[in-house]
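[1] here are the coordinates; sequence isn't available:
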């Protein structure tokens, strides 16, 4: 929604996003690789998954929500018209 922060996993498949949401709190591990000289490196990583508990799984989810919010003024105008008609018919 406007003015609120959104967490979206860009480039992640829906399957990955759903699996991350089901995890406890974190992912930990090591990335192991060899550099150009052949030296072995181990780089630990840590991903806090609680951040993704409220994230959007689908990039279009935010667009759909924004579109729905943009339709509120039209819906309120229709409600106002209906209430006006009802009040005219109920006047003595």
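    Structure received. Computed from a predicted structure; not experimentally measured.

[2] Show me where the chain has its helices.
    Ranges of helices in the chain, per DSSP state H, are 14-22, 59-70, 72-90.

[3] Compare the mean pLDDT across these and name the weakest.
    The stretch with the lowest average pLDDT out of the helices of the chain is helix 14-22, scoring a mean of 65.

[4] quick revisit: looking at the helices of the chain, which is buried most?
    Ranked by mean neighbour count, those are led by helix 14-22 with a mean of 13 (mean count of other CB atoms under 10 Å). From N, CA and C alone the C-beta is placed, and that goes for glycine too.

[5] hang on, the earlier thing: how about CSV for the helices of the chain, with distance to residue 29 added?
    Below are the helices of the chain laid out as CSV (distance: least, CB to CB, whole Å):
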stretch, distance to residue 29
helix 14-22, 14
helix 59-70, 27
helix 72-90, 45
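
[6] if I look at residue 43, how far off is residue 27?
    With the distance defined as CB to CB, to the nearest Å, residue 43 ends up 14 Å from residue 27.

[7] Equivalent analysis for residue 86, please.
    Counting by CB to CB, the gap from residue 86 to residue 27 is 57 Å.

[8] again, but for residue 45
    8 Å.

[9] So those two - more neighbours on which side?
    Neighbour totals were compared for residue 45 and residue 27, and residue 27 leads with 12 against 9 (other CB atoms under 10 Å).

[10] Could you find the closest non-adjacent residue to the more buried one?
    residue 47 (4.2 Å; CB to CB, 6 or more residues apart in numbering).

[11] With residue 34 as the reference, name the closest of the helices of the chain.
    The closest of these to residue 34 is helix 14-22. By CB to CB, the value is 26.4 Å.

[12] still on that earlier bit, what touches both of residue 45 and residue 27?
    Residues touching both residue 45 and residue 27 (CB atoms under 8 Å, 6 or more residues apart in numbering): none.

[13] which ones are touching the residue nearest to residue 27?
    Contacts for residue 47 (CB under 8 Å, 6+ apart) come out as 26, 27, 28.

[14] And the spatially closest residue to residue 28 that is not a sequence neighbour, how close does it get to residue 29?
    Spatially, and ignoring its direct neighbours in sequence, residue 28 is nearest to residue 46 (5.3 Å; CB to CB, 6+ apart). Distance, residue 46 to residue 29, using CB to CB: 8 Å.
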